[in-house]
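Asks: What follows is a predicted structure for the sequence shown.
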Amino acid sequence: MNAMAVTIFDRGADAEVFDGWVRDVRSAAQDAPGFVAFATSSRRDAPLDWAVAVTFESEDLLHQWLDGETWKHLRHGDFCAFRRIWWSLTAR
């Protein structure tokens with residue numbers, strides 16, 4: 001059963017910086033065991049929230065990614081100033 005984590009961010013950050021951060025998250029997630037998919041919402045011309053979603057083969061593999069040093073660094077690193085406003089985990 002696949003498991004997905006969705007994180008929504010405040011749109012107050014610099015859009016170009018956010019796009020670069022999203023590329024880093026995608027690249028890191030793709031290298032993680034059990035990676036299935038990555039999606040993002042960051043369009044400037046639509047009233048959508050900025051969000052990233054990562055999907056893994058199982059809830060255990062998703063938690064390994066979320067609890068791992070790579071995601072912690074991406075979420076709290078020196079360059080990451082994006083305020084998280086909501087997140088959710090789902091298994092399907």
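Replies: Right, received. Where do you want to start? Numbering: from 1, shown residues only.
Asks: can you map out the helices along the protein?
Replies: For the chain, the helices defined by DSSP state H occupy 15-30, 59-67, 69-76.
Asks: excluding its backbone neighbours, what's nearest Glu57?
Replies: Distance criterion CB to CB, 6 or more residues apart in numbering; nearest residue to Glu57, sequence neighbours excluded, is Gly34 at 4.0 Å. In short, each C-beta sits where N, CA and C put it, glycine included.
Asks: Is it correct that Gln64 is in contact with Phe35?
Replies: No. If you go by CB atoms under 8 Å, Gln64 and Phe35 don't touch, sitting 10.8 Å apart.
Asks: Neighbour count: the two, which is higher?
Replies: Phe35 (18 against 15; other CB atoms under 10 Å).
Asks: Name the nearest residue to the more buried one, sequence neighbours excluded.
Replies: Spatial nearest neighbour of Phe35, excluding adjacent residues (CB to CB, 6+ apart): Ala29 at 5.5 Å.
Asks: So the one you found sits against Ala39, correct?
Replies: No. In this structure, Ala29 is not within contact of Ala39 by CB under 8 Å, at 10.7 Å.
Asks: Spatially central, which residue of the protein would that be?
Replies: Nearest to the mean C-alpha position of the chain, by CA atoms, centre = their mean, lies Val52 at 4.0 Å.
Asks: one step back: show me the contacts for the residue nearest to Glu57.
Replies: 56-58, 61-62, 64-65 (CB atoms under 8 Å, 6 or more residues apart in numbering).
Asks: try it again with 10 Å
Replies: 2-3, 55-58, 60-62, 64-65 (CB atoms under 10 Å, 6 or more residues apart in numbering).
Asks: Fine by me, we can end here.
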